[in-house]
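In: structure for this input, please:
(2 chains)
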Amino acid sequence: MLDREHYAQALEPLLAQAAGYARSLLHNRHDAEDAVQQAVLRGLEKLHTFDTTRAFKGWWLSILHNCCIDLLRELKSARTVELDGNDIAEEKSSSESDWQILVAALNRLSIDHQQILRMRYFADLSYRDLAEALDIPQGTVMSRLHLARHALAATIREEEQ
Amino acid sequence: MKPVEPTELSAYLDGELDGERTIAVASELDSNPALRAEFDMLTANDMQWKQSAISANFPPKVTLTPPTALPKNFPGVSALVILLVLIRILPKPGIHFEWWLLLHMLSLAIIMTCVMRMLRDGEALWRELR
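Out: I've put the predicted structure just below:
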């Protein structure tokens, strides 16, 4: 079993990427930060269930993903989405950030393809971590990722034409 | 040797194939221009998408340990516990014995609950203080 100290040590190098992943789902820094904080605390609550033979990054990213989905539901039901000052400043300084262009293309794909590409590119998960996070065999990760990449390339080509 | 599957191109790009399949794909790429062209496009897209995704990253301001779990009405609860302890130790006032017994049992139950919660949260508090 992982203890709290090792949990914090394992998490620290993942945080910036985790924030990027959450931001790709929630579209602003403030909500992304909230989701990451919730995932940190929720992971701590569930630490006793983590099997050290499993991939930690994949396990924790699936917790983060669920926190992002929960937050999205709350935001939708509250019907208010506020942008923080940083995001407003970003939108004013450049037409669209690179990651926002990528997310816009991702959102046109099927849910399975969106999820695997988001986790691969924004969270930089290995195939083992992807299998853990998505609860699918590694063989399925390989085929799904390949098809998802082709779908994304086709979507981007269509938008450029 | 088993022919190269198209899905193996992605895994080859990501370094996720075993030694034997890596050699098989590398060999096929050398001899198959169409496959090579597909792989080059996959590589170019992959690099672009990675760069785009990295631009979303930022260091979040989070705490890696939960805040100290003090109850919100901690002063009120403390005052109640002190009062109940005093009820237990001070001489019996002029009330019926049954009411006095009920008051003692209630105060004991509340004190036991508080002690059990402190023991449950004490470990976490101790680690934070260390």
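In: tell me where the model's unsure across chain B.
Out: The model of chain B has pLDDT under 70 over residues B:65-79, B:84, B:86-88, B:90-97, B:119-130.
In: spell out which parts of it neighbour chain A.
Out: B:6-11, B:14, B:16, B:41-42, B:45-46, B:49-66, B:127 (CB under 8 Å from any CB of the partner chain). For every residue, glycine as well, the C-beta is placed using N, CA and C.
In: which of the residues you listed count as buried?
Out: B:7-11, B:14, B:16, B:42, B:45-46, B:49, B:52-54, B:56-58, B:60, B:62, B:64 (16 or more other CB atoms under 10 Å in any protein chain shown).
In: hang on, A:Arg64 packs against A:Val36?
Out: Careful, residue A:64 is Leu; it's not Arg. Yes - using CB atoms under 8 Å, A:Leu64 makes contact with A:Val36 at a distance of 6.7 Å.
In: what strand or helix carries the spatially most central residue of chain A?
Out: Geometric centre of chain A, nearest residue: A:Tyr21, 3.4 Å, by CA atoms, centre = their mean. Of the helices and strands defined by DSSP states H and E, A:Tyr21 is found in helix A:15-26.
In: please save the CA atoms from that helix in PDB.
Out: Below are the C-alpha coordinates for helix A:15-26, written out as PDB (Å, rounded to 0.1, in the frame of the first residue of the first chain):
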ATOM      1  CA  LEU A  15       0.700  18.300 -11.400                       C
ATOM      2  CA  ALA A  16       1.600  20.600 -14.300                       C
ATOM      3  CA  GLN A  17       0.500  18.100 -16.900                       C
ATOM      4  CA  ALA A  18      -2.600  17.200 -14.800                       C
ATOM      5  CA  ALA A  19      -3.500  20.800 -14.800                       C
ATOM      6  CA  GLY A  20      -3.100  20.900 -18.500                       C
ATOM      7  CA  TYR A  21      -5.300  17.900 -18.900                       C
ATOM      8  CA  ALA A  22      -8.000  19.300 -16.600                       C
ATOM      9  CA  ARG A  23      -7.800  22.600 -18.600                       C
ATOM     10  CA  SER A  24      -8.400  20.800 -21.800                       C
ATOM     11  CA  LEU A  25     -11.700  19.500 -20.300                       C
ATOM     12  CA  LEU A  26     -12.700  22.600 -18.400                       C
END
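In: near chain B at all, the following helix or strand past it?
Out: Following helix A:15-26 in sequence order, the next helix or strand is helix A:29-45 (DSSP H and E). Yes - using CB under 8 Å from any CB, helix A:29-45 reaches chain B at A:29, A:32-33, A:36-37, A:40-41, A:44.
In: by contact count, what packs against the strand or helix carrying B:Ala37?
Out: Assigning secondary structure by DSSP H and E places B:Ala37 in helix B:33-54. Packed against helix B:33-54, as judged by 3 or more CB pairs under 8 Å, 6 or more residues apart in numbering or on different chains; DSSP states H and E, are the following elements: helix A:15-26, helix A:98-106, helix A:111-121, helix A:138-160, helix B:7-13, helix B:19-31.
In: for A:Thr52, find the nearest of those helices.
Out: Proximity to A:Thr52, assessed across the helices and strands packed on helix B:33-54 by CB to CB, is greatest for helix A:138-160 (19.2 Å).
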